[in-house]
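>>> Return a 3D structure for these sequence lines:
(one chain, ligands or ions: 2)
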Amino acid sequence: MSANLAIANLRKVFATGKPAVDDVSFTVEAGEIVVLLGPSGCGKTTTLRCVAGLEHPTDGTIHIGDTLVSAPARGLLVPPRARNVGMVFQSYAVWPHMTVRQNVAYPLKGRGLTSDEAARKVDGALDLVDLAQYADRPVVQLSGGQMQRVALARSMVYEPRLLLLDEPLSNLDAQLRLRLRDDLRRIIKAAGLTALYVTHDQLEAVVLGDRIGVMQNGKLLQMATPEQVYNRPADLFVASFTGASNFMAGKVKARDGEWGTVELAGGHTITAWFATGLAAGDAVTIAIRPENIRLEAAEAQNRYTVDVVSQRFQGVQTAYELQLGSTTIEALATGTTMRHPAGSSVTINIPPEICWAYPAA
Ligand SMILES: Nc1ncnc2c1ncn2[C@@H]1O[C@H](COP(=O)(O)OP(=O)(O)O)[C@@H](O)[C@H]1O
Ligand SMILES: [Mg+2]
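Ligands and ions are numbered 1, 2, ... in the order given. From the prediction side, this is the model:
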């Protein structure tokens, strides 16, 4: 039922401006959910539209399963309908004058199914998105989240080879968004679909994706599992876009394979994981996520006594501003107790594996 997607050296240059998609290559295995994550304007939608056939790529190739659907160098371009791809967009895009069932049944028209076969497929799709009991309601009586599930059922009912989703949750209120985010992964997996999902929301990417591709300025910077992206960001942009908010300047003292030591601007020495291409003497920027800094920890490596500049109560966590040499760093401690008032000092530990050195920004 589902097939894999292979994109190689995809480029899209619109008549105006710099390339919207710039030499992007990746695959989506059968049954896998890959999420493209990046800020607005980085080329996510354009990539998705090239896969759907709604945009004409400038260069590169796209395979859906064994079928080459796009190869501009050879003048090959398979039209959207012949690609058998399902799409879900940001707007609900349901037909307001129809019932839920009529909406979901619509894409089956002209596919040569008997009415029994069609009804079975519609019932199956409605079950999957948990809307069976609403089948005969006018679609306009549903909530936003339910309408988006109708759109999802409609995109899956003809068992597409590939499901493309473009920020499908961004028009929903926060609470609904969280619920549907968890549902979406379950529904896509239950249907056994291969999916390419686009979002600017890092949490959505982590919860939904088997792998995440981080994009910036039309380029794919990293394609890896959520755990890898969060623990071994390929570069400073990936690190900061996914939540590392502490940056420390320093100079490489020594490198030993993936690890090395850095002298920080304030004179402290820190052991860190090293990105490729760094050697002794190079200027580096070290990136650290605030929740990875350990307060009152006993480990000897990367252990410092620092001054507390401020503590801010945030309910289930407390945010601390700490002074390490000439650098102010932010640390988060979970729990509802505040323990380190401004003006006190505290011992912190920054485990080397969550401390990443990159060529200086
Ligand atoms: N039809 C178009 N004509 C010209 N430029 C476009 C068009 N569509 C998108 N772009 C440009 O391509 C870039 C990528 O856009 P897009 O793929 O929509 O980004 P994203 O979905 O990541 O926000 C942006 O600079 C955008 O302005
Ligand atoms: Mg977009």
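>>> residues contacting the residue in the stretch 251-361 of the chain positioned nearest to ligand 1?
Closest residue of the stretch 251-361 of the chain to ligand 1, CB to the nearest ligand atom: A361 (22.3 Å). For glycine as for every other residue, the C-beta is placed from the backbone atoms N, C-alpha and C. For A361, the residues meeting the contact criterion (CB atoms under 8 Å, 6 or more residues apart in numbering) are L236, F247, T285.
>>> Can you point out the buried residues in stretch 192-200?
Buried residues in stretch 192-200, counted by 16 or more other CB atoms under 10 Å: L193, T194, A195, L196, Y197, V198, T199, H200.
>>> neighbouring contacts of that stretch?
With contact meaning CB under 8 Å, 6+ apart, stretch 192-200 is reached by 1-5, 28-40, 44-45, 47-48, 51, 86, 156, 160-170, 188, 205, 208-209.
>>> give me that answer again for 7 Å
Residues outside stretch 192-200 that contact it (CB atoms under 7 Å, 6 or more residues apart in numbering) are 1-5, 28, 30-40, 44-45, 48, 51, 156, 162-167, 188, 205, 208-209.
>>> Over to stretch 66-76?
Outside stretch 66-76, the residues touching it (CB under 7 Å, 6+ apart) are C50, G53, P57, T58, D59, T61, I62, H63, L77, V78, R83.
>>> Setting aside sequence neighbours, what's the nearest residue to L108?
Spatial nearest neighbour of L108, excluding adjacent residues (CB to CB, 6 or more residues apart in numbering): A118 at 4.7 Å.
>>> Can you spell out which helices and strands pack onto whichever strand or helix holds the one you found?
A118 belongs to helix 115-128 when assigned by DSSP states H and E. For helix 115-128, the elements it packs on are helix 100-105, helix 144-156, judged by 3 or more CB pairs under 7 Å, 6 or more residues apart in numbering; DSSP states H and E.
>>> chain center to the last one: distance?
Remark: helix 144-156 is offset 21 Å from the chain centroid, using CA atoms, centre = their mean, to the nearest Å.
>>> Of the helices and strands packed on helix 115-128, which shows the lowest average pLDDT?
Among the helices and strands packed on helix 115-128, helix 144-156 has the lowest mean pLDDT, at a mean of 89.
>>> Any chance you could list what contacts that one?
Counting by CB under 7 Å, 6+ apart, 86-88, 92-94, 100, 103-104, 106-107, 125-126, 128-129, 131, 134, 139, 142, 163, 168, 171-172, 176, 179-180, 187, 191, 193 sit against helix 144-156.
>>> Just the buried ones from these, in ChimeraX syntax?
Buried members of those, defined by 16+ other CB under 10 Å, are picked up in ChimeraX with:
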select :86,87,88,92,93,94,100,103,104,107,125,126,128,129,131,134,139,142,163,168,171,172,176,180,187,191,193
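>>> Flag every residue of this protein that's near ligand 1.
F14, T16, G17, A20, G38, S40, G41, C42, G43, K44, T45, T46 (CB under 6 Å from any ligand atom).
>>> which residues does the nearest residue to F313 once chain neighbours are set aside contact?
Spatial nearest neighbour of F313, excluding adjacent residues (CB to CB, 6+ apart): M338 at 5.6 Å. For M338, the contact set (CB under 7 Å, 6+ apart) comprises Q311, F313, T318.
>>> isn't R312 right up against A319?
Yes: here R312 reaches A319: they are 4.5 Å apart, a contact under CB atoms under 7 Å.
>>> Name the residues of the longest helix along the chain that are buried.
Of all segments of type helix in the chain, defined using DSSP state H, the longest is helix 174-190. Neighbour-count burial for helix 174-190 flags L176, R177, L180, R181, D183, L184, R185, I187, I188 (criterion: 16+ other CB under 10 Å).
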